[in-house]
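Visitor: Okay, here's the prediction I keep looking at, along with the sequence it came from:
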Amino acid sequence: KAGVTQTPRYLIKTRGQQVTLSCSPISGHRSVSWYQQTPGQGLQFLFEYFSETQRNKGNFPGRFSGRQFSNSRSEMNVSTLELGDSALYLCASSYSGTETGELFFGEGSRLTVL
Amino acid sequence: AQTVTQSQPEMSVQEAETVTLSCTYDTSESDYYLFWYKQPPSRQMILVIRQEAYKQQNATENRFSVNFQKAAKSFSLKISDSQLGDAAMYFCAYRSALKQAGTALIFGKGTTLSVSS
């Protein structure tokens, strides 16, 4: 079974631009969540999608948005990039999100904002 | 709001020895889940062990075990017979059992574990 796939793995943007990151969950998984990982703030929850609906959202500005498609694939978008948005963005999937099982993480998308 | 604290930024252990990573958390909820995740240098996080708060028995997974002290809000990870492949960053994480919280995890800042031969 293929794992969680995130694309692109690395990207460089400049301040003010926008970026879209993609996440394909494990086949059959309907819950997708996103996390931002930085050396200073650590791992922080961005949002979770289940059946194309945002189920929960972390404390991030409105520049951060996401969506989920009918095939459970998810995208997150960051508009008007700031230097502080440089981070590793991790996607995680689970079957339904209501079970107590593990989240399966992708390898992440490393975003550098210049 | 819930918080998770890992007070040891770095730990080191010799192969075959035992090491304990500390984690404390703060919550007003009575039902929740606790996890230890491992992030090797390749960056893909994997679950090491999980504990349901309503279970008094400490979870064990092969060489990994936890010491869950609910009253003290402490959740430490013990790695026995340490191996070179255990070298990674370890994150303690909290998840509310409330349905509206979904799968959102609150992570500690992590502990980097190095293993020497």
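Guide: Yep, it's here.
Visitor: just the residues of chain B that are near chain A, which are they?
Guide: Applying the criterion C-beta under 8 Å from any C-beta of the partner chain, the portion of chain B that neighbours chain A consists of B:33, B:35, B:37, B:42-47, B:50, B:52, B:91, B:99-110. (C-beta placed from N, C-alpha, C; glycine too.)
Visitor: Out of these, list just those in helices.
Guide: Using DSSP state H, no member of those falls within helices.
Visitor: Show me how to select, in PyMOL, the buried members of the residues you listed.
Guide: Below is the selection syntax for PyMOL that covers the buried ones among the residues of chain B next to chain A, with 16 or more other C-beta atoms under 10 Å in any protein chain shown defining burial:
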select buried, chain B and resi 33+35+37+43+44+45+47+50+91+101+102+103+104+105+106+107+108+109+110
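Visitor: tell me the contacts of residue 86?
Guide: I'll assume chain A. Residues in contact with A:S86, defined by C-beta atoms under 8 Å, 6 or more residues apart in numbering or on different chains, are A:T38, A:L111, A:T112, A:V113.
Visitor: wrong chain, I was asking about chain B
Guide: For B:D86, the contacting residues are B:V13, B:K38, B:I79, B:L113, B:V115, taking C-beta under 8 Å, 6+ apart as the criterion.
Visitor: Which strand residues bridge the residue nearest in space to the middle of chain B?
Guide: In chain B, the residue lying closest to the centroid (C-alpha atoms, centre = their mean) is B:W36, at 2.9 Å. Beta bridges link B:W36 to B:I49, B:C92, judged by DSSP bridges.
Visitor: Make sure it is actually in contact with B:Y94.
Guide: No - here B:W36 does not reach B:Y94: they are 11.2 Å apart, not a contact under C-beta atoms under 8 Å.
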